[in-house]
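# build the 3D model from these lines:
(one chain, ligands or ions: 1)
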Amino acid sequence: MSAPQLVVHRDKELMAQAAAARLITKIVDSQAARGSASVVLTGGRNGNGLLAALAAAPARDAIDWSRLDVWWGDERFLPEDDPERNVTQARAALLDSVPLDPSRVHAMPGSDGPNGNDAEAAAAAYAAELAAAAGPEDHGDVPTFDVLMLGVGPDTHVASLFPELPGVRETERTVVGVHGAPKPPPTRISLTLPAIRAAREVWLLAAGEDKANAAAIALSGAGEIQAPAAGAYGRSRTLWLLDAAAASQLPRSLYPPASP
Ligand SMILES: O=C(O)[C@H](O)[C@@H](O)[C@H](O)[C@H](O)COP(=O)(O)O
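Modelled structure (predicted):
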């Protein structure tokens, strides 16, 4: 596991714009190298802020949207058209504005979907979809994601893996149902740490004063059960993208000066 890299930007707007530009380049490079690319989106303000910045980016359509696979790291287990769903918010921020191949957009099931109001069945269905997309060169039962993005919660949760809850302790399954989540809604579906770690690169997004303590805890050697963000790392790269406010409790030696 390589040590996490940190990049600190002046404020959350610049962090979202810079992260969007970084994502465009990563997708374009992956498509040039392998003919397609695969990303995992995250919900929340930072995740949706990145998508909105990407939608507005001048270089946006350097991406061949028809050759991009879009997955989710977690989802709020609500009816499929609920405005609180991560996929609903991602569609509004970006996905409905670009010519994706609908068969390559892999939303997690809703509570009124084919699996009904059964989060475990919905999680198993998504795990099966991931396994079906995995190839012989992939690691385990998930495809090799080029970039897996994770917003970081103030309690250090990532995806819907919350401190001390069962999901963060899962070592076998790739997708789990989550109950009693401290961040509403209480019922969710989430990739597990083993699935997250199958990604080539994991990017953690943390902007705002309310993330400063979480970033300091997760980057100070805390254990993954108490600080799930500490257990989120990629096979070849783990990148923390922060703004100065979220980095304000980190040792100065841990990161280069924030962008001017
Ligand atoms: O379903 C969700 O809410 C997200 O997937 C969650 O993991 C989010 O990324 C973090 O809670 C950070 O959210 P903010 O960026 O809004 O602080």
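
# which residue, other than its chain neighbours, is closest to the closest residue to the ligand within the stretch 1-150 of the chain?
Across the stretch 1-150 of the chain, the shortest distance to the ligand (C-beta to the nearest ligand atom) belongs to Gly44, at 2.5 Å. Glycine gets a C-beta too; all of them are placed from N, C-alpha and C. Leaving aside its chain neighbours, Gly44 sits nearest to Gly151 (3.8 Å; criterion: C-beta to C-beta, 6 or more residues apart in numbering).

# any buried residues in the strand or helix carrying that neighbour, and which?
Under the criterion of DSSP states H and E, Gly151 resides in strand 147-151. Across strand 147-151, burial judged by 16 or more other C-beta atoms under 10 Å covers Val147, Leu148, Met149, Leu150, Gly151.

# now the strands: where do they sit in the stretch 1-150 of the chain?
Secondary structure of the stretch 1-150 of the chain by DSSP state E, counting those that start in this stretch: the strands cover 5-9, 37-41, 68-72, 74-76, 147-151.

# of those, which is nearest Pro166?
Taking C-beta to C-beta, strand 74-76 is the member of these nearest to Pro166, at 14.3 Å.

# quick one: residues in contact with the closest one.
42-43, 82, 84-87, 107-110, 159-161, 178, 185, 187-191 (C-beta atoms under 8 Å, 6 or more residues apart in numbering).

# apply 7 Å and report the result again.
43, 84-87, 108, 159-160, 185, 188-191 (C-beta atoms under 7 Å, 6 or more residues apart in numbering).

# among these, name the buried ones.
Buried, going by 16+ other C-beta under 10 Å: Gly43, Arg85, Asn86, Val87, Met108, Ala159, Ser160, Arg188, Ile189, Ser190, Leu191, out of these.

# number of residues surrounding Ala258?
Using other C-beta atoms under 10 Å, Ala258 is surrounded by 17 other residues.

# can you pull the contacts of it?
Applying C-beta under 7 Å, 6+ apart to Ala258 gives the contacts Val8, His9, Arg10, Ala244.
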